[in-house]
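Visitor: okay, here's the prediction I keep looking at, along with the sequence it came from:
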Amino acid sequence: MSDFRPDERLARDSDFLTRIGLCELRLMKDSRWPWLVLVPQRPDVCEIFDLTPLDQTMLTFETTLVAEALKTVTGATKINVGALGNIVRQLHVHVIARSEDDPNWPGPVWGFGAAEPRSADETKAFSAKLLDALTP
(Lines give C-alpha, C1' and ligand atoms only; values in the text may rest on other atoms or scores of the structure.)
Protein backbone atom coordinates (compact mmCIF):
# COMPACT_ATOMS: atom_id res chain seq x y z
CA MET A 1 0.00 0.00 0.00
CA SER A 2 1.43 3.37 -1.02
CA ASP A 3 1.72 6.34 1.33
CA PHE A 4 0.87 8.67 -1.57
CA ARG A 5 -2.09 11.02 -1.19
CA PRO A 6 -2.67 14.14 -3.27
CA ASP A 7 -2.45 17.38 -1.33
CA GLU A 8 -5.89 18.29 0.01
CA ARG A 9 -5.96 21.48 -2.10
CA LEU A 10 -5.23 19.53 -5.28
CA ALA A 11 -7.93 17.01 -4.36
CA ARG A 12 -10.43 19.81 -3.63
CA ASP A 13 -9.68 21.89 -6.74
CA SER A 14 -9.47 19.08 -9.30
CA ASP A 15 -11.16 15.89 -10.40
CA PHE A 16 -9.24 12.62 -10.63
CA LEU A 17 -9.17 11.29 -14.22
CA THR A 18 -6.75 8.36 -14.25
CA ARG A 19 -3.37 7.01 -13.25
CA ILE A 20 -0.93 7.03 -16.15
CA GLY A 21 2.05 5.28 -14.60
CA LEU A 22 4.03 7.53 -12.31
CA CYS A 23 1.35 10.21 -12.09
CA GLU A 24 -2.24 10.77 -11.23
CA LEU A 25 -3.88 12.87 -13.93
CA ARG A 26 -6.35 15.44 -12.61
CA LEU A 27 -8.63 18.03 -14.28
CA MET A 28 -8.81 21.42 -12.59
CA LYS A 29 -12.34 22.54 -11.68
CA ASP A 30 -12.15 25.72 -13.76
CA SER A 31 -13.98 25.78 -17.08
CA ARG A 32 -12.14 28.88 -18.31
CA TRP A 33 -9.19 26.75 -19.41
CA PRO A 34 -8.62 23.10 -20.23
CA TRP A 35 -6.24 22.68 -17.29
CA LEU A 36 -4.70 19.37 -16.25
CA VAL A 37 -2.40 18.51 -13.37
CA LEU A 38 0.02 15.60 -13.18
CA VAL A 39 0.85 14.52 -9.62
CA PRO A 40 3.69 12.00 -9.22
CA GLN A 41 2.50 9.25 -6.88
CA ARG A 42 5.46 9.61 -4.56
CA PRO A 43 5.04 10.73 -0.94
CA ASP A 44 6.98 13.72 0.39
CA VAL A 45 8.30 14.89 -3.00
CA CYS A 46 8.45 18.66 -3.52
CA GLU A 47 10.91 19.16 -6.37
CA ILE A 48 11.62 17.37 -9.64
CA PHE A 49 15.15 16.66 -8.42
CA ASP A 50 13.65 14.83 -5.40
CA LEU A 51 12.53 12.12 -7.83
CA THR A 52 14.81 9.28 -8.86
CA PRO A 53 16.38 9.64 -12.33
CA LEU A 54 13.93 7.02 -13.65
CA ASP A 55 10.95 8.88 -12.16
CA GLN A 56 12.27 12.15 -13.66
CA THR A 57 12.29 10.46 -17.07
CA MET A 58 8.78 9.10 -16.53
CA LEU A 59 7.51 12.54 -15.49
CA THR A 60 8.94 14.07 -18.67
CA PHE A 61 7.39 11.30 -20.79
CA GLU A 62 3.98 11.59 -19.12
CA THR A 63 4.00 15.40 -19.34
CA THR A 64 4.68 15.19 -23.07
CA LEU A 65 2.02 12.50 -23.54
CA VAL A 66 -0.61 14.60 -21.73
CA ALA A 67 0.41 17.85 -23.46
CA GLU A 68 0.08 16.24 -26.91
CA ALA A 69 -3.32 14.75 -26.05
CA LEU A 70 -4.54 18.10 -24.68
CA LYS A 71 -3.42 19.93 -27.82
CA THR A 72 -5.16 17.33 -29.99
CA VAL A 73 -8.43 17.57 -28.04
CA THR A 74 -8.53 21.37 -27.74
CA GLY A 75 -6.70 22.63 -30.84
CA ALA A 76 -5.04 25.16 -28.51
CA THR A 77 -2.65 27.80 -29.77
CA LYS A 78 -0.18 27.02 -26.98
CA ILE A 79 0.26 24.42 -24.25
CA ASN A 80 1.70 25.88 -21.03
CA VAL A 81 3.59 23.53 -18.72
CA GLY A 82 4.72 24.55 -15.26
CA ALA A 83 5.71 23.22 -11.86
CA LEU A 84 5.54 26.13 -9.43
CA GLY A 85 4.62 24.76 -6.03
CA ASN A 86 4.79 28.00 -4.06
CA ILE A 87 1.48 27.32 -2.31
CA VAL A 88 0.99 23.57 -2.80
CA ARG A 89 4.45 22.17 -2.07
CA GLN A 90 3.67 18.63 -3.23
CA LEU A 91 5.25 18.16 -6.66
CA HIS A 92 2.67 18.62 -9.39
CA VAL A 93 2.90 19.75 -13.01
CA HIS A 94 0.28 21.98 -14.63
CA VAL A 95 -0.53 21.38 -18.31
CA ILE A 96 -2.82 24.13 -19.61
CA ALA A 97 -4.30 24.68 -23.08
CA ARG A 98 -4.22 28.35 -24.06
CA SER A 99 -5.77 30.18 -27.01
CA GLU A 100 -5.90 33.80 -28.13
CA ASP A 101 -9.59 34.00 -27.20
CA ASP A 102 -9.22 32.68 -23.64
CA PRO A 103 -10.08 34.97 -20.69
CA ASN A 104 -6.56 36.19 -19.91
CA TRP A 105 -4.51 35.59 -23.07
CA PRO A 106 -1.55 36.02 -23.10
CA GLY A 107 -1.32 36.60 -19.34
CA PRO A 108 -1.03 33.83 -16.75
CA VAL A 109 -3.98 31.79 -15.52
CA TRP A 110 -2.91 32.07 -11.87
CA GLY A 111 -4.57 34.81 -9.86
CA PHE A 112 -6.91 35.86 -12.65
CA GLY A 113 -10.55 36.13 -11.59
CA ALA A 114 -12.46 33.32 -9.91
CA ALA A 115 -12.68 29.73 -11.05
CA GLU A 116 -15.81 28.91 -13.03
CA PRO A 117 -16.91 25.33 -12.45
CA ARG A 118 -17.94 23.16 -15.35
CA SER A 119 -21.05 21.02 -15.20
CA ALA A 120 -20.86 17.30 -14.51
CA ASP A 121 -21.81 16.64 -18.14
CA GLU A 122 -19.06 18.98 -19.42
CA THR A 123 -16.52 17.30 -17.13
CA LYS A 124 -17.59 13.85 -18.30
CA ALA A 125 -17.48 14.79 -22.01
CA PHE A 126 -14.09 16.51 -21.80
CA SER A 127 -12.62 13.71 -19.71
CA ALA A 128 -13.80 11.09 -22.20
CA LYS A 129 -12.24 12.96 -25.14
CA LEU A 130 -8.96 13.42 -23.30
CA LEU A 131 -8.74 9.83 -22.10
CA ASP A 132 -9.53 8.64 -25.62
CA ALA A 133 -6.68 10.81 -26.98
CA LEU A 134 -4.32 9.28 -24.39
CA THR A 135 -5.17 5.73 -25.46
CA PRO A 136 -2.89 4.37 -28.18
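Guide: Cool, got the structure.

Visitor: bridging residues for the spatially most central residue of the chain?
Guide: Taking CA atoms, centre = their mean as the criterion, Val37 is the residue nearest the geometric centre of the chain, at 1.6 Å. Beta bridges link Val37 to Arg26, His94, judged by DSSP bridges.

Visitor: who's in contact with it?
Guide: Counting by CB atoms under 8 Å, 6 or more residues apart in numbering, Val37 makes contact with Leu10, Ser14, Leu25, Arg26, Leu27, Met28, His92, Val93, His94, Val95. Bear in mind the C-beta positions are built from the backbone N, C-alpha and C, glycine included.

Visitor: confidence score at it?
Guide: pLDDT, Val37: 98.

Visitor: before we move on, what about Pro136?
Guide: 76.

Visitor: can you map out the strands along this protein?
Guide: For the chain, the strands defined by DSSP state E occupy 14-19, 23-28, 35-40, 78-82, 93-98.

Visitor: which parts of the second one are buried?
Guide: If I follow you right, that is strand 23-28. Using 16 or more other CB atoms under 10 Å as the test for burial, strand 23-28 gives Cys23, Glu24, Leu25, Arg26, Leu27, Met28.
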